[in-house]
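Asks: model the following, please.
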Amino acid sequence: MSAELRRYLNASESLRQKLLAARDTLKPAVFKEIRARVVELERTREESTREARSAQGIPVEQVLERVLASITGLNQGVEALTRQLDELIDQGD
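Replies: Prediction:
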């Protein structure tokens, strides 16, 4: 699970840096859309964290499975958004 979490943190930071760098080159509507999707991913992460913290009475294994599934899903979302951002940046060149 720690490897998946590290992957998420690294991918999220990379996406954030790319988005900030592309802010001035992307059309405002495109930037706003991608930024909204980043915010939605962050909301999902926060919700998953709250769920994990409030999992009283649930076996630890089940909580860990849920957390791992959540992180995996977040990774997929961040990676898909990063690919889309890369494509938009390449189109602007």
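Asks: hey, let's count contacts and neighbours off CA atoms from now on
Replies: Fine.
Asks: which strands and helices sit next to the helix or strand hosting Gln76?
Replies: Per DSSP states H and E: Gln76 is located in helix 60-92. Applying 3 or more Cα pairs under 8 Å, 6 or more residues apart in numbering; DSSP states H and E, one finds that helix 60-92 contacts helix 2-22, helix 28-53.
Asks: could you give the angle of it to helix 28-53?
Replies: Taking axes from the mean of the first three to the mean of the last three Cα atoms, to 10 degrees, one finds that helix 60-92 is oriented at 170 degrees with respect to helix 28-53.
Asks: which one of the helices and strands packed on helix 60-92 lies nearest to Glu65?
Replies: Glu65 lies closest, by Cα to Cα, to one member of the helices and strands packed on helix 60-92: helix 28-53, at 10.2 Å.
Asks: which residue sits farthest out from the middle of this protein?
Replies: Of all residues in the chain, Gly57 has its C-alpha farthest from the mean position, at 28.6 Å, by Cα atoms, centre = their mean.
Asks: now do the SS call for that residue.
Replies: On the three-state scheme (DSSP: H, G, I helix; E, B strand; the rest coil), Gly57 is labelled coil.
Asks: quick one: it from Ser70, how far?
Replies: Distance, Gly57 to Ser70, by Cα to Cα, to the nearest Å: 19 Å.
Asks: quick check, pLDDT for the residue nearest the centre of the chain.
Replies: Nearest to the mean C-alpha position of the chain, counting by Cα atoms, centre = their mean, stands Val78 at 3.9 Å. Listed pLDDT for Val78 reads 94.
Asks: now Ala55
Replies: pLDDT, read off for Ala55, is 81.
Asks: test my guess that it contacts Glu61.
Replies: No - here Ala55 lies out of contact with Glu61, judged by Cα atoms under 8 Å, at a distance of 11.2 Å.
Asks: the more surrounded of those two?
Replies: Each of Ala55 and Glu61 has its neighbours counted (other Cα atoms under 10 Å); Ala55 has more, 12 against 9.
Asks: the nearest residue to the more buried one once chain neighbours are set aside: neighbour count?
Replies: With sequence-adjacent residues excluded and distances taken as Cα to Cα, 6 or more residues apart in numbering, Ala55 is closest to Val63, at 6.8 Å. By other Cα under 10 Å, the residues close to Val63 number 18.
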